[in-house]
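**Student:** need a structure here:
(2 chains)
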Protein chains: 2
Amino acid sequence: MAVTEAAATTTAGTAPELPAYEPTERTVPTRSRERASYDKTLVHAILDEAYLCHLGFVRDGAPVVLPTLYARVGDRLYVHGSTGSRPLRMAREQREEEPGLAVCVTVTHVDGLVLARSAFHHSINYRSAVVHGIACQVTDEAEKRMALDALVDQVVPGRSRDSRPANAKELAATAVLRLDLAEVSAKVRTGGANDEPEDLSLPHWAGVVPVAPRHGAPVPNGDLEPSIALPGYLAAPKR
Amino acid sequence: MAVTEAAATTTAGTAPELPAYEPTERTVPTRSRERASYDKTLVHAILDEAYLCHLGFVRDGAPVVLPTLYARVGDRLYVHGSTGSRPLRMAREQREEEPGLAVCVTVTHVDGLVLARSAFHHSINYRSAVVHGIACQVTDEAEKRMALDALVDQVVPGRSRDSRPANAKELAATAVLRLDLAEVSAKVRTGGANDEPEDLSLPHWAGVVPVAPRHGAPVPNGDLEPSIALPGYLAAPKR
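**Tutor:** All right, here's what the predicted structure looks like:
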């Protein structure tokens, strides 16, 4: 029910309603299924509100999870890194059956701390999106430049137009991976503590502590020319 | 150099200096090595400031990354979940060579958005800790209860004493995994934008937008008895 509420809120705007992602064996959770959603509008909203993901891949049979920046462009995600970094190098190596790197990209927002009377029912209000797929290296230069702009704009919308684009050397040093949004699920928990009826009379406080990222006042670089004013896209708090 | 600064700040307090984690082939990054640290005090500080990690494991050869709560107790991490959830079930299944589940647990704090004159030098100030190892199910009841208390206290310090402990049924429905902090690294970026000398005269703003989690005013549950006051551990903002 929490998921339905969140999805309804998200689709109540002017954006056209999108079809849902097709659930697969690995995007259907074994528990708390009522929190899972395949709603594209909800998934896109979760992805668009963040810029940092946790990228998982397998190296020598063991899992590796690294924090990295990403951008969503339509039904694709892009991540980037030095051409020498491990996941980018691994994605270039052709596997026997197909090119690319099997990845799982997860984005999580913490919205609140849920305190219940019972330790067992303590929880977190959150929204997460999990994307499974094969990340492939972008070789087309126009797509690569578009993705690099999108990666900058995902962090600060409008910023890419107000910075020097990558030159040939920087472009060559940067690898970009593309991941189609096809096998995707969201998970959402909202609301207060769900205690057992027999615990409601216990003398413990119950409720939610809201959590959200706070963006502070921008701090100019020490070497910034004083005549350069704070740009409009930074003057208003991002969120 | 950024890492040295951060480590120095962390160890400047009263805590005794701890030995460093031994770097291994997979905890030495292929790039930005100057940002890597194996300082235990720094790693513990990064882990203690958060409560949500991204847990990676391998299922049918593919990576899976799920957000989940954790607690640090000494040189161990604990995560928990329903006995029916996938990683908990997988950790119970005995592998041929050894019990447990190969995992990677990653914790990341975003501290700032770094805007450079060049798109290429845009970055994020962050502190992350990455833990590799084999997560094993906790079978000792005393250790399990201690870990469940620690999981509650990691989110809100002092809360476990002010809630009803798990009863036998709840304890049986919850699985706890233990992961030794042995193969661990931290990565830290601090400071302003590092533009190329020839870009310093470009007319683009450069600097840092600070980011930190904000904890709002606690919202009592709708079914909370009005005579129950806000507890002291919630009266002051957590961080």
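**Student:** CA only for contacts and neighbour counts going forward, please
**Tutor:** Noted.
**Student:** Now A:Ala172: which helix or strand?
**Tutor:** helix A:168-173 (DSSP states H and E).
**Student:** Tell me which residues of that helix come out buried.
**Tutor:** A:Leu171 (16 or more other C-alpha atoms under 10 Å in any protein chain shown).
**Student:** go on, stretch A:145-160?
**Tutor:** For stretch A:145-160, burial by neighbour count (16+ other C-alpha under 10 Å) applies to A:145, A:147-156, A:158-160.
**Student:** Can you tell me the centre-most residue of chain A?
**Tutor:** Geometric centre of chain A, nearest residue: A:Val107, 3.3 Å, by C-alpha atoms, centre = their mean.
**Student:** A:Leu177 touches A:Ala135, doesn't it?
**Tutor:** Yes - taking contacts as C-alpha atoms under 8 Å, A:Leu177 lies within contact range of A:Ala135: 5.7 Å.
**Student:** What's the first helix or strand after the worst-scoring helix or strand of chain A on mean pLDDT?
**Tutor:** When the helices and strands of chain A are scored by mean pLDDT, DSSP states H and E, helix A:2-11 comes last with a mean of 36. Using DSSP H and E, the next helix or strand after helix A:2-11 towards the C-terminus is strand A:36-37.
**Student:** which residues are in contact with that following strand?
**Tutor:** With contact meaning C-alpha atoms under 8 Å, 6 or more residues apart in numbering or on different chains, strand A:36-37 is reached by A:3, A:28-29, A:185-188.
**Student:** Is the host helix or strand of A:Thr108 positioned near chain B?
**Tutor:** For A:Thr108, the host element (DSSP H and E) is strand A:101-115. Yes - Strand A:101-115 lies within reach of chain B by C-alpha under 8 Å from any C-alpha of the partner chain, at A:102-106, A:108, A:113.
**Student:** go on, stretch A:134-142?
**Tutor:** No - using C-alpha under 8 Å from any C-alpha, stretch A:134-142 never reaches chain B; the gap is at least 9.8 Å.
**Student:** and that stretch, which residues are buried?
**Tutor:** For stretch A:134-142, a neighbour-count test (16+ other C-alpha under 10 Å) marks A:134-138 as buried.
**Student:** Chain B: which of the residues you listed is nearest?
**Tutor:** When these are compared for distance to chain B (C-alpha to the nearest C-alpha), A:Ile134 wins out at 9.8 Å.
**Student:** Run the angle between the longest helix along chain A and strand B:101-115 for me.
**Tutor:** Assignment by DSSP state H gives helix A:141-155 as the longest helix of chain A. Note on geometry: by axes from the mean of the first three to the mean of the last three C-alpha atoms, to 10 degrees, helix A:141-155 and strand B:101-115 are set 80 degrees apart in direction.
**Student:** sorry, back to before: check the contact between the residue nearest to the centre of chain A and A:Ala45; I expect there is one.
**Tutor:** No - the pair A:Val107 / A:Ala45 is not scored as a contact, 11.1 Å apart, by C-alpha under 8 Å.
**Student:** Check the secondary structure at the residue lying farthest from the centre of chain A for me.
**Tutor:** In chain A, the residue that sits farthest from the middle, by C-alpha atoms, centre = their mean, is A:Ser201; the gap is 39.5 Å. Three-state call for A:Ser201 (DSSP: H, G, I helix; E, B strand; the rest coil): coil.
**Student:** Got phi/psi on the residue nearest to it when sequence neighbours are not counted?
**Tutor:** Spatial nearest neighbour of A:Ser201, chain neighbours left out: B:Glu225 (7.7 Å); criterion: C-alpha to C-alpha, 6 or more residues apart in numbering or on different chains. Dihedral pair for B:Glu225: phi -60, psi 120, per degrees, to the nearest 10.
**Student:** For B:Glu225, grab the count of nearby residues.
**Tutor:** For B:Glu225, the number of neighbouring residues by other C-alpha atoms under 10 Å in any protein chain shown comes to 16.
**Student:** distance between stretch A:211-226 and the chain's centre?
**Tutor:** Relative to its parent chain, stretch A:211-226 has a centroid offset of 23 Å by C-alpha atoms, centre = their mean, to the nearest Å.
**Student:** who's in contact with it?
**Tutor:** Under C-alpha under 8 Å, 6+ apart, the answer for stretch A:211-226 is A:110-113, A:234, A:237-239, B:192-193, B:200-201, B:205-216.
**Student:** Whichever of those end up buried, select them in PyMOL.
**Tutor:** Restricted to buried positions by 16+ other C-alpha under 10 Å, the PyMOL selection for the contacts of stretch A:211-226 reads:
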select buried, (chain A and resi 110+111+112+113+234) or (chain B and resi 192+193+200+205+206+207+208+209+210+211+213+215)
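**Student:** which ones are touching the spatially closest residue to A:Ala102 that is not a sequence neighbour?
**Tutor:** Spatial nearest neighbour of A:Ala102, excluding adjacent residues (C-alpha to C-alpha, 6+ apart): A:Ile134 at 4.4 Å. For A:Ile134, the contact set (C-alpha under 8 Å, 6+ apart) comprises A:100-103, A:179-180.
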